[in-house]
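In: Structure for this input, please:
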Amino acid sequence: MRAVADLDLCQAHQMCQTEAPDVFGFDEATDQVVVLIDQPAESQRDEVLAAVRYCPAMALSVEED
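Out: Residues are numbered from 1 along each chain as shown. Down below sits the predicted model:
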């Protein structure tokens, strides 16, 4: 699994940090999401999928290996 963020779509709602704080961060200088772990562990799958699902801007996605 690979966590992907589309920075052109990100609107800085930071919901991803609430759902998966170990995987997604936030860069205040650019006002955008930062993928901290682009290949999260399988144990983080539910958190990452929740972040994707709850992103208001639909800026996140998961690519399967």
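In: For this protein, just list every one of the strands.
Out: Secondary structure of the chain, counting by DSSP state E: strands at 2-5, 24-27, 32-35, 60-63.
In: Next, the contact list for residue 16, please.
Out: Contact analysis of residue 16 by Cβ atoms under 8 Å, 6 or more residues apart in numbering lists 5, 23-24, 33, 51, 54-55, 60. Every residue, glycine included, has its C-beta placed from N, CA and C.
In: actually residue 20, not the one I wrote
Out: Here residue 20 is in contact with 3, 40, 44, 47-48, 50-51 (Cβ under 8 Å, 6+ apart).
In: Send me stretch 18-30 as CSV with only the CA atoms.
Out: Extracted in CSV, the C-alpha atoms of stretch 18-30 (Å, rounded to 0.1, in the frame of the first residue of the first chain):
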residue,chain,number,x,y,z
THR,A,18,-6.7,13.4,12.9
GLU,A,19,-7.2,10.0,11.3
ALA,A,20,-3.6,8.9,10.6
PRO,A,21,-1.1,11.2,12.4
ASP,A,22,1.8,8.9,12.0
VAL,A,23,1.3,8.9,8.2
PHE,A,24,0.2,12.4,7.4
GLY,A,25,1.7,15.6,8.6
PHE,A,26,1.2,19.3,7.8
ASP,A,27,3.6,21.9,6.4
GLU,A,28,2.5,25.3,7.8
ALA,A,29,4.8,27.1,5.4
THR,A,30,3.1,25.7,2.3
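In: which parts of that stretch are buried?
Out: In terms of neighbour count (16 or more other Cβ atoms under 10 Å), stretch 18-30 has its buried residues at 19-20, 23-26.
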